[in-house]
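Engineer: Predicted coordinates and the sequence they were generated for:
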Amino acid sequence: MIVLVVALVLGVMIFAGLIPIGGGPGGQVVTGNLVMWGFARSSTVSPILTKYNEQNQNITVSYVEKNPAAFDREYIEALANGAGPDLLLLPQDLIWRYKGRLTPGNLGPADYPRSAGYVL
């Protein structure tokens, strides 16, 4: 199930233009590093992201497994310091809890600060 969710999130992000593939304005190559936080085990998510990163060498996505018990504090502190994740892989109930701190993923990355989490 986790594999499907991660693959679905990455696929939607690519088609929505949040992870540009091919090039940016004027044909320039877009590169960057994205950080994803979530509760899923790294051993489950890492193989998916490794394969994605091999196929899309311009954009690198790294995953940080977070402890659910400490997530509230860590996330709010990271946002306050401008160091929050680019992407979140969260259960549905937490998406509703954090909806005021999340940015919808239907706009481009240039529309948001680096610390904004995206929701698809």
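Structural biologist: Cool, got the structure.

Engineer: Looking at stretch 74-88 now, give me its mean pLDDT.
Structural biologist: The average pLDDT within stretch 74-88 is 88.

Engineer: same check, this time on stretch 95-110
Structural biologist: 63.

Engineer: so where do the helices sit in the protein?
Structural biologist: For the chain, applying DSSP state H gives helices covering 2-16, 42-55, 68-80, 92-97.

Engineer: Can you flag the weakest of those helices by average pLDDT?
Structural biologist: helix 2-16 (a mean of 61).

Engineer: Met36: neighbouring residues, count only.
Structural biologist: Residues near Met36, counting by other CB atoms under 10 Å, number 22. For every residue, glycine as well, the C-beta is placed using N, CA and C.

Engineer: what's the neighbour count on the residue nearest to it when sequence neighbours are not counted?
Structural biologist: Computed as CB to CB, 6 or more residues apart in numbering, the closest residue to Met36 that is not its neighbour in sequence is Leu87, at 4.0 Å. If you count neighbours by other CB under 10 Å, Leu87 ends up with 24.

Engineer: Leu87 bridge partners, please.
Structural biologist: Met36, Tyr118 (DSSP bridges).

Engineer: Quick check: it touching Leu49?
Structural biologist: No: contact between Leu87 and Leu49 fails when scored by CB atoms under 8 Å: they sit 10.5 Å apart.

Engineer: Common neighbours of the two, please.
Structural biologist: Listed as contacting both Leu87 and Leu49 by CB atoms under 8 Å, 6 or more residues apart in numbering are Met36, Val61.

Engineer: ok, Val94 to Gly32 distance?
Structural biologist: Actually, residue 94 is Leu. It isn't Val. According to CB to CB, to the nearest Å, Leu94 stands 25 Å off from Gly32.
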